[in-house]
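Undergrad: okay, here's the prediction I keep looking at, along with the sequence it came from:
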Amino acid sequence: MAQCIEEKRGNLSFHLGGKAASDGQKWTPNMEAVRATIQFAIATGRLEQR
């Protein structure tokens, strides 16, 4: 995951494709980073229900 991203490293929502109003209309998520984030979240248990 760290190899795919350069900004907002602690923001899981952002790396799952979340968009803020300040991102502008043409913003699109980096799908390679989204996939890496999902793999990381699953591997670390961050997507488990508690």
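TA: Nice, I can see it.
Undergrad: correct me, but Trp27 touches Lys19?
TA: Yes. Contact status for Trp27 versus Lys19: in contact at 5.9 Å, counting by CB atoms under 8 Å. Every residue, glycine included, has its C-beta placed from N, CA and C.
Undergrad: the two: which is more packed in?
TA: Per other CB atoms under 10 Å, whichever of Trp27 and Lys19 has more neighbours is Lys19, with 13 against 9.
Undergrad: buried set for whichever helix in the chain runs longest?
TA: Ranked by number of residues, the top helix in the chain under DSSP state H is helix 31-44. Buried residues in helix 31-44, defined by neighbour count with 16 or more other CB atoms under 10 Å: Ala33, Val34, Ala36, Thr37, Ile38, Phe40, Ala41.
Undergrad: name the helices or strands packed onto it?
TA: helix 12-15 (3 or more CB pairs under 8 Å, 6 or more residues apart in numbering; DSSP states H and E).
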